[in-house]
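Participant: just to be clear, the model below is a prediction. Sequence and coordinates:
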Amino acid sequence: MKSLAVVNFAPEKGSVELREIETPVIGAEDVLLEVANVGVCGSDLHQWTADHSWPVNYPVVLGHEFGGRIVEVGKDVEHWKTGDRVVSETAAMISKDNPMTRRGLYNLDPTRKGFGYGVNGAMTKYVRVPSRILHHVPDQLPFEQACLTEPCSVAYNAVVKNARIEPGDRVVVLGPGTIGILCAAMARLCGAEVALVGLPQDAHRLEIAKQYGCEVIIGDAKPWAQERDGLGCDGVIDAAGASITLKIALDLVRPAGWISKVGWGPQPLGFNIDPLVQKNITLQGSFSHNWPVWERVIALLASGQLDVRPIIGGVWPVTEWHTAFEKMHHGEVVKSVLKPV
């Protein structure tokens, strides 16, 4: 049986098209998932525009933010059955013997390959998924929201696990994309006062961030950062896709403060990082997520403590992937969601 899929077929710009592909054959420890919804990530856009900085196994079906129902179960799979509502993590291939995997940090396994670049992703009707990375989706959580568990987990890891927020902290978030807005929402859940910073062209996204109780700033955030005692904010979450924002973060944060960097910026730094030393700042990278993070995020989504509906700009059939991509690319919506046909 064949299904339509959004395929990135070559490294050149614009090398994404709709193709028919065969239904995957699953292994003994896999399930076959019928995809209900799949979110469009900034990384999908970067592969489409060919300005990504990671290796891609062409041709590959895009999409790593997804959920759906199990329609087939491998012979060695336990605890899962057909009909189960699930979401899937992104670590499609890992080494069970890698020291990071043995510590439960398989997201940091250097051999890891993810959906949408390393193996076929979920912008299609059926996707093969290892049962080890499945999570149950409660009935009250619609798939249009559940499929965004992945970016929420990125934000949870950056804010809860890799920062050190205390209630009452003042936190600046740089970059009002999906991850930036979700990081701001997570910081609010942790009890921080939060300012989300962007550029004039980000005005629409910043308006959405207000729904999470954030201050929004276009341009210079330093007056807000210094408002309390003149020393700077307690922490900065750098969720922008440019290296120069780290320089801004170093300027905004107070002595003995922290920076959690989750945004990818492939450009060389090109500036002095002595303030990191002089101000005794903790700089922490944050990459991906693992099983316990996903369980916490699903609980937050199911309980309503974290609401992703404000960032969803629309749901398009997979046949209209180009419109969904364009609307995100031009900043008309924060997050596009696709529905396979």
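Facilitator: Cool, got the structure. Residues are numbered from 1 along each chain as shown.
Participant: look up how far residue 17 lies from the closest residue to residue 168 other than its chain neighbours.
Facilitator: If the residues on either side of it in the chain are set aside, residue 168 comes closest to residue 191, at 6.5 Å by Cβ to Cβ, 6 or more residues apart in numbering. Every C-beta, even on glycine, is put in place using the N, C-alpha and C of the backbone. For residue 191, the distance to residue 17 equals 46 Å [Cβ to Cβ, to the nearest Å].
Participant: okay, these two: which has more neighbours?
Facilitator: residue 17 (14 against 11; other Cβ atoms under 10 Å).
Participant: which strands border the helix or strand containing the more buried one, and is each parallel or antiparallel?
Facilitator: Taking DSSP states H and E as the definition, residue 17 sits inside strand 16-22. Strand 16-22 has its sheet partners listed here by DSSP bridges as strand 2-8 (antiparallel).
Participant: ok, and what's touching the strand it pairs with?
Facilitator: The contact list for strand 2-8, computed with Cβ atoms under 8 Å, 6 or more residues apart in numbering, reads 15-23, 47-48, 56, 58-63, 117, 120, 123-126, 318-319, 321, 338, 340-341.
Participant: let's see 7 Å
Facilitator: Applying Cβ atoms under 7 Å, 6 or more residues apart in numbering, the contact partners of strand 2-8 are 15-23, 47-48, 56, 58-63, 123-126, 318-319, 321, 341.
Participant: out of the residues you listed, which are buried?
Facilitator: Those of these that meet the buried threshold are 16, 21, 23, 47-48, 56, 59-63, 123-126, 318, 321, by 16 or more other Cβ atoms under 10 Å.
Participant: which parts of this protein are helices?
Facilitator: Ranges of helices within the chain are 42-49, 99-102, 143-146, 149-156, 178-189, 203-209, 222-225, 245-252, 274-278, 291-303, 321-329, based on DSSP state H.
Participant: of all those helices, which one comes closest to residue 266?
Facilitator: Counting by Cβ to Cβ, residue 266 lies closest to helix 42-49 out of these; the figure is 9.8 Å.
Participant: tell me which other helices or strands that closest one touches.
Facilitator: Here helix 42-49 touches helix 321-329, going by 3 or more Cβ pairs under 7 Å, 6 or more residues apart in numbering; DSSP states H and E.
Participant: can you list contacts of the helix it packs on?
Facilitator: So helix 321-329 is contacted by 6, 18, 40, 45, 48, 123, 313, 316, 333, 336, 338 (Cβ under 7 Å, 6+ apart).
Participant: now that helix, how far from the chain's geometric center?
Facilitator: Here helix 321-329 is found 17 Å from its chain centre; the criterion is Cα atoms, centre = their mean, to the nearest Å.
Participant: and residue 283, how far is that from residue 73?
Facilitator: 44 Å.
Participant: next one: residue 217
Facilitator: 50 Å.
Participant: ok, back up a step: quick one: buried ones out of the contacts of helix 321-329?
Facilitator: For the contacts of helix 321-329, a burial check counting by 16+ other Cβ under 10 Å picks out 6, 40, 45, 48, 123, 313, 316, 333, 336, 338.
Participant: circling back to that earlier point, can you show me the CA trace of the strand holding residue 17 as CSV?
Facilitator: C-alpha atoms of strand 16-22 as CSV (Å, rounded to 0.1, in the frame of the first residue of the first chain):
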residue,chain,number,x,y,z
VAL,A,16,11.2,18.9,-1.0
GLU,A,17,8.2,17.4,-2.8
LEU,A,18,5.1,15.2,-2.3
ARG,A,19,5.8,11.6,-3.2
GLU,A,20,4.1,8.2,-3.0
ILE,A,21,5.9,5.8,-0.7
GLU,A,22,5.3,2.2,0.4
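Participant: what's in contact with that strand?
Facilitator: By Cβ under 7 Å, 6+ apart, strand 16-22 touches 2-9, 48, 61, 124, 319, 321.
Participant: got a pLDDT number for the most centrally placed residue in the chain?
Facilitator: Geometric centre of the chain, nearest residue: residue 151, 2.7 Å, by Cα atoms, centre = their mean. Looking at residue 151, its pLDDT stands at 98.
Participant: and for residue 156?
Facilitator: The model reports residue 156 with a pLDDT of 98.
Participant: now do the contacts for it.
Facilitator: Neighbouring residues of residue 156 by Cβ under 7 Å, 6+ apart: 186, 289, 293, 296-297.
Participant: one more time with 8 Å, if that's ok
Facilitator: Counting by Cβ under 8 Å, 6+ apart, residue 156 touches 186, 289, 293, 296-297, 300.
Participant: before we move on, what about residue 31?
Facilitator: Residue 31 makes contacts with 70, 72-74, 77, 80, 86, 128-129, 131, 134, as judged by Cβ under 8 Å, 6+ apart.
Participant: give me the number of neighbouring residues for the nearest residue to residue 57 once chain neighbours are set aside.
Facilitator: Distance criterion Cβ to Cβ, 6+ apart; nearest residue to residue 57, sequence neighbours excluded, is residue 118 at 5.7 Å. Per other Cβ under 10 Å, the neighbour tally for residue 118 reads 20.
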